[in-house]
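>>> Make a model of this:
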Amino acid sequence: MTKLQIRAFLYQLGCFAILFISARYLVEHYTNLTGFCIPLTAFVIGTLLSPKFHAIKTKDGEKLFMKWIFMKGIKEIG
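Residues are numbered from 1 along each chain as shown. Purely as a prediction, here's the structure:
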């Protein structure tokens, strides 16, 4: 794995973790779900809402790109 691929993985993991923990808290306190349904619902929410990061080799070298449901198109990251 290259340096940018590791960075993309860590960004994606961090974003998912933040959304998963937030969704789990909100689902647990504001719905009537119990048991295994709470983390399962939080997992689905976190997966759908988290941005996707990819390290792609271009003619200018390797670059990091992000796609998110709330943004139009693909954005290049630094």
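
>>> any chance you could map the strands in this structure?
52-58, 61-67, 74-77 (DSSP state E).

>>> Of the ones you listed, which is nearest residue 45?
Residue 45 lies closest to strand 52-58 among the strands of the chain, at 15.3 Å (C-beta to C-beta). From N, CA and C alone the C-beta is placed, and that goes for glycine too.

>>> tell me the angle of the closest one relative to strand 61-67?
Per axes from the mean of the first three to the mean of the last three C-alpha atoms, to 10 degrees, the angle that strand 52-58 makes with strand 61-67 is 150 degrees.

>>> 624 is where my numbering starts, stick with that
In the new numbering, first residue 624, that becomes strand 675-681.

>>> Outside of strand 675-681 itself, which residues are in contact with it?
With C-beta atoms under 8 Å, 6 or more residues apart in numbering as the test, strand 675-681 has contacts from 625, 627-628, 630-632, 634-635, 685-691, 700.

>>> rewinding a little: can I get the strands of the chain in CSV with distance to residue 650?
Below are the strands of the chain laid out as CSV (distance: least, C-beta to C-beta, whole Å):
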stretch, distance to residue 650
strand 675-681, 23
strand 684-690, 25
strand 697-700, 29
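
>>> With mean pLDDT as extra columns, can I get these in TSV?
Formatted as TSV, the strands of the chain follow (pLDDT from 0 to 100):
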stretch	mean pLDDT
strand 675-681	93
strand 684-690	94
strand 697-700	93
